[in-house]
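Colleague: Sequence and computational prediction follow.
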Amino acid sequence: MSASLAESTLRAEQRSPDLDITSGDPLHRIERRLGLKPGTPPRPGRMVALLLAVAILPLVVRVGAQGQIADLIRDPFFIRLLIVLPLLELVSPSVSASVARALQEFETSRLVAPEDEPRFQAARMRALRMRDSRVALVVMVAIAFGSEVLAETARLPFIGAWARDGEHLTLAGSWYFFVSLALFHLIRLRWLWRILVWWRFLFGVSRIPLRLMPAHPDRAGGIGFLANVTMAFAPLIFGLSVGAGFELRARILVGGEKLASQVAPMVAISVLFLVCVLTPLLFFVPQLTRAMWRGRMDYDRLSSRYIRRFDNKWLSRDPPDTELLGSSDLQSLADLINSANAVRQMLPVPITIPAILSVALASGLAMLPAIQAEVPLREIAHMLMSALR
């Protein structure tokens, strides 16, 4: 028996159920060939330096030559580039590691029965094919670079004087719109596609009959670790949504709009990103619900059998104190009650309060640039401290 268990464990370790949603796509392979992401796992340092050199440095040089560098570094559109571009690259290792741990947890916890292992690997391969789609990359590039041509007229009134000369773009403005901002949108679209790849994988796994454990202390049948991936997405969500915060700030400071008129879009953006990372966990609701009710019935039957025998043994007579004290039956009864209570506390969805709060806090902090346009930062900090008391 022990040899068989050791052999199955070894096979599980050799399978290496890898699903790196941040590496391996066509664009990443190009980056590796150019030496921009060396090492395993890839280190994003060189890619960050390249993005800053392409998207930021030309703007600084050109606007500096115009003598408008002070206007540039105060411009919300420029600040968001400076923050978001590096951040969206730097979060890759943590997201990748969190997804890898989740896949390993499926294996080590034996949530997938041996006969369903091919289905699990098929779900992984489908997600990998989706990640590696060249068509998706072409569409993202077309949207990122083509959308700026359409958006130029709409955004021109909100950008600083460093980027425009009357109704026309300066050289720095053209570089910002058609190079810097296009790269900004491409990286964001790429991350949204990666999130959809995670969706695809979880959807496939949710169609496999998992061996859920109703009495598991995570109150999610043993798949509560998926909420940890959601928490790992929090810095990413901040990076994806803070761009909107700076755009709303520009509309307030430059466009003359009021903060009150921007509350609805701020709330909508925060809710949208919260839904974006929590929705795939809802795929497991049918399985968890069935496991929850099945576990309750099983533990109710077990409790009835055990308590009946316990009563017959201990309550139908008056046992000596020496026999009663220290009896393992009493401890077993307590353990059974604890297990039954754990089953009754099981939730039909593997979403935890910390996961919700981490993502909500990240998307909320991303709106601070817009809020600070009218409300001083000191006053914001005072309100937050008062709310926490």
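Modeller: Received the coordinates, thanks.
Colleague: all strands for this structure, in order.
Modeller: Secondary structure of the chain (DSSP state E): strands at 164-165, 168-169.
Colleague: who wins for proximity to residue 37 among the ones you listed?
Modeller: Nearest of these to residue 37, taken as C-beta to C-beta: strand 168-169 at 32.5 Å. C-beta coordinates here come from the backbone N, C-alpha and C atoms, glycine included.
Colleague: counting contacts, what elements does the closest one pack onto?
Modeller: Contacts defined by 3 or more C-beta pairs under 8 Å, 6 or more residues apart in numbering; DSSP states H and E place strand 168-169 against no helix or strand at all.
Colleague: Strand partners (parallel or antiparallel) of it?
Modeller: strand 164-165 (antiparallel) (DSSP bridges).
Colleague: Please state the offset of the strand it pairs with from the chain centre?
Modeller: Centre-to-centre, strand 164-165 and its host chain are 39 Å apart (C-alpha atoms, centre = their mean, to the nearest Å).
Colleague: Let me know the average pLDDT across it.
Modeller: Mean per-residue pLDDT for strand 164-165: 78.
Colleague: got it, and stretch 68-75?
Modeller: 89.
Colleague: swap in stretch 196-210?
Modeller: 96.
Colleague: again with stretch 248-256
Modeller: When pLDDT is averaged over stretch 248-256, the result is 85.
Colleague: contact partners of it?
Modeller: With contact meaning C-beta atoms under 8 Å, 6 or more residues apart in numbering, stretch 248-256 is reached by 75-77, 157-160, 257-259, 262, 265-266, 367, 369-370, 372-374.
Colleague: Same list (the strands of the chain) but as CSV, adding mean neighbour count and distance to residue 31.
Modeller: Shown next, in CSV, are the strands of the chain (neighbours: other C-beta atoms under 10 Å; distance: least, C-beta to C-beta, whole Å):
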stretch, mean neighbour count, distance to residue 31
strand 164-165, 14, 33
strand 168-169, 14, 29
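Colleague: Nearest to residue 45, out of those strands?
Modeller: strand 168-169 (32.1 Å).
Colleague: how far does the closest one sit from the chain's center?
Modeller: 38 Å.
Colleague: Same check on stretch 190-210?
Modeller: With C-alpha atoms, centre = their mean, you get 12 Å for stretch 190-210.
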